[in-house]
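Engineer: whatever this is, show me its structure:
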Amino acid sequence: MEGNLQEITIPTALVVDGNTDEQSKVMRYAEWLTIEAKRNNSDNHQEASRRYAEDALRPVTINGKEFRPFSPFQYALSAYKTLTRGQTVALSTIILGCGLGLLLYGVQLITAILAMITVVYLSSLCLDLLLTLRALNQTVEEQIDDAIVHALADADWPRYTILCPLYQEVEVVPQFVQAMQAMDYPSDKLQILFLTEADYVETRTVLGAMHLPPHFSIVTVPAGEPRTKPRACNFGLLQATGDYVVIYDAEDVPDPLQLKKAVLTFANHGSDLACVQAKLNYYNAKQNLLTRWFTVEYSSWFDLMLPGMQQTKLPLPLGGTSNHFRTETLRRVGAWDPFHVAED
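Structural biologist: Numbers count the residues shown, from 1 in each chain. Here you go, the predicted structure:
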């Protein structure tokens, strides 16, 4: 990290009385935020953003058809091609082998196939049990006290962009706007982008009638193919001014301190941390049996499975919302593949 400790001034509002440990954390976070602000405002950082925009705006031609993915397209990593030649050969061989096997062995082959499927499911169950035990043994969640966040109220927080892709969700837009207005983050450092397709006239009409604050913006994604959520997010990323970016779905009601806690989580780790994933759950868990089941599923996933994966150093899958990224890192990896159905 760049910076000079002698140049950092800690506002008096950042001092936490009566707790030396909290004072130390507040001072450390304030120092990190100051250094981070200098880095984000550097000429190199601005030049990297400009180069990314140039690459992302180039159209891509595939099989004679032109696309505008709004990101540096990586054909080898894209879902545009669903099966490789090797996969096609392997699947064809398996299907042919099963067909011949049925002719030669009949019921015996079916029994063997069912046995293999059972072994796969049993292995998955054993893995889930292992991950659950690891999660119960030790927590890997980030714990940041609200008091520390509040003590940093006058700190130099980085710019933050919230992307909200909308798809025929007019009825929940007022709820989302209310949730965003409740976020505890400096409005002059916050950018909230509503991403709408060109033909979503009703959605833009409803948003326009709400007289939103200046840090809210309605963005119209240019018409084109593929018409997916990742492509909309890619276009939103081109408009993003934040040093950090997060995607929220329109029905989300995030904790008001989530943005600040995400930033401080980045502060707790090295520069190789690319994403902070927030836990999700249902706020109407007791409404009916269906919402109870969904709540159980979300709780088991975010409280047991994901922590267990992190404990065992397995790759962590991301959900479709509440994933916080360093903007420069997200751009460095080429943002989202527009040919995926969802950005997660």
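Engineer: low-scoring stretches of this structure, by residue?
Structural biologist: 1-19, 343-344 (pLDDT under 70).
Engineer: would you list every one of the helices in the stretch 201-344 of the chain?
Structural biologist: Assigned by DSSP state H, counting those that start in this stretch, the stretch 201-344 of the chain shows helices spanning 201-208, 229-239, 258-267, 289-300, 306-311, 327-332.
Engineer: if you could redo that for the stretch 1-150 of the chain, that was the one I meant.
Structural biologist: With DSSP H, counting those that start in this stretch as the criterion, the stretch 1-150 of the chain has helices spanning 20-40, 43-56, 85-105, 107-137, 146-151.
Engineer: among the ones you listed, which is nearest F294?
Structural biologist: Among the helices of the stretch 1-150 of the chain, the nearest to F294 by C-beta to C-beta is helix 107-137 (18.2 Å). Backbone N, C-alpha and C define where each C-beta goes, glycine included.
Engineer: now that closest one: buried residues?
Structural biologist: Going by neighbour count (16 or more other C-beta atoms under 10 Å), the buried part of helix 107-137 is L109, L131, T132, R134, A135.
Engineer: give the contact list for the nearest residue to the second one once chain neighbours are set aside.
Structural biologist: Across the structure, with C-beta to C-beta, 6 or more residues apart in numbering as the measure, the residue nearest L131 apart from its sequence neighbours is G308 (2.8 Å). Listed by C-beta atoms under 8 Å, 6 or more residues apart in numbering, the contact set of G308 reads L130, L131, T132, L133, R134, A135.
Engineer: correct me if wrong: the second one contacts M309.
Structural biologist: Yes. Applying C-beta atoms under 8 Å as the test, L131 and M309 come out as touching, 6.1 Å apart.
Engineer: which residues sit against the strand ranked longest in the chain?
Structural biologist: For the chain, the strand with the greatest residue count under DSSP state E is strand 190-197. Residues outside strand 190-197 that contact it (C-beta under 8 Å, 6+ apart) are 159-167, 173, 180, 183, 203-204, 207, 215-221, 223, 227, 232-233, 235-236, 239-242, 259.
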